[in-house]
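*Asks:* Pasting the sequence and the predicted coordinates here, then a few questions.
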Amino acid sequence: DQQVKQNSPSLSVQEGRISILNCDYTNSMFDYFLWYKKYPAEGPTFLISISSIKDKNEDGRFTVFLNKSAKHLSLHIVPSQPGDSAVYFCAASGRGNTPLVFGKGTRLSVIA
Amino acid sequence: KAGVTQTPRYLIKTRGQQVTLSCSPISGHRSVSWYQQTPGQGLQFLFEYFSETQRNKGNFPGRFSGRQFSNSRSEMNVSTLELGDSALYLCASSLRSAEGSPLHFGNGTRLTVT
């Protein structure tokens, strides 16, 4: 049973436009949500996170939105740059020292 | 500050053999987690160690085991290798000082089983 779902395996966006990556979860006990970016031959790199008490968190070009009632979160990248081309993973964890559960990832391609 | 270091970067083994992977966490990080990444499956949690104790375990067979040393370095062992064990194995460390603390990943060990 997949608790964190990224239903779009890939996304293609033009440079300068907005990239929106989506993530759905099923476990209502999740309290923390994180986004990671992964380049080939490298490990995932932490991007941005949000806790369930917030509905938005912003860091530079990256903004994460959380809709708890819909069990949905999204990552917005504005403006998109070619260097943003990577696989993006959504991850979630509950309270306490519970492990991070990852989605299968979305491959973002930013076209110049 | 040095990041998470995993060795070796690449390994080729044959079915039935065993393998040991090594991970050195970021200095000061006491939590080490291991994940398996296979094509189309995302990152699957294997186990987490904190202060030499296994704190969480994922849904993997007993052939997968690990340990953590007093200096927080960790090793992962897979015995009786199967073709399906071919994957990228990622180690991550964390301060775990607060809930929701992000994991910091190494670049992984690419294991190929033939």
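*Replies:* Arrived safely. Not measured: the values here are computed from a predicted model. Numbering: from 1, shown residues only, chains lettered A, B, ... in the order given.

*Asks:* Let me see the contact set for the residue most central in space within chain B.
*Replies:* Nearest to the mean C-alpha position of chain B, counting by C-alpha atoms, centre = their mean, stands residue B:34 at 3.0 Å. Residues in contact with residue B:34 (C-beta atoms under 8 Å, 6 or more residues apart in numbering or on different chains) are B:23, B:45, B:46, B:47, B:48, B:66, B:74, B:76, B:89, B:90, B:91, B:92. (C-beta placed from N, C-alpha, C; glycine too.)

*Asks:* So what are the sheet partners of the helix or strand harbouring it and their directions?
*Replies:* Using DSSP states H and E, residue B:34 sits within strand B:31-38. Its sheet considered, strand B:31-38 pairs with strand B:42-50 (antiparallel), strand B:87-94 (antiparallel) by DSSP bridges.

*Asks:* Tabulate the CA atom coordinates of that strand in PDB.
*Replies:* The C-alpha trace of strand B:31-38 is given here as PDB (Å, rounded to 0.1, in the frame of the first residue of the first chain):
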ATOM      1  CA  SER B  31      20.900   8.800  13.300                       C
ATOM      2  CA  VAL B  32      21.700   6.700  10.200                       C
ATOM      3  CA  SER B  33      19.000   5.400   7.900                       C
ATOM      4  CA  TRP B  34      19.300   3.100   4.900                       C
ATOM      5  CA  TYR B  35      17.100   3.200   1.800                       C
ATOM      6  CA  GLN B  36      16.900   1.000  -1.300                       C
ATOM      7  CA  GLN B  37      16.100   2.700  -4.600                       C
ATOM      8  CA  THR B  38      15.000   0.600  -7.600                       C
END
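
*Asks:* list the buried ones in that strand?
*Replies:* Neighbour counts using 16 or more other C-beta atoms under 10 Å in any protein chain shown place B:31, B:32, B:33, B:34, B:35, B:36, B:37 of strand B:31-38 among the buried residues.

*Asks:* again with stretch B:90-105
*Replies:* Buried positions in stretch B:90-105, judged by neighbour count with 16+ other C-beta under 10 Å: B:90, B:91, B:92, B:93, B:94, B:96, B:100, B:101, B:102, B:103, B:104, B:105.

*Asks:* Show me what the last one is bridged to.
*Replies:* For residue B:105, the residues forming beta bridges with it (DSSP bridges) are residue B:92.

*Asks:* How far away from the center of its chain is the strand holding residue B:34?
*Replies:* In this view, strand B:31-38 has its centroid 4 Å away from the chain centroid, taken as C-alpha atoms, centre = their mean, to the nearest Å.

*Asks:* Equivalent analysis for stretch B:99-108, please.
*Replies:* With C-alpha atoms, centre = their mean, you get 12 Å for stretch B:99-108.

*Asks:* just stretch A:66-79 next, same as before
*Replies:* Offset of stretch A:66-79 from its chain centre (C-alpha atoms, centre = their mean): 8 Å.
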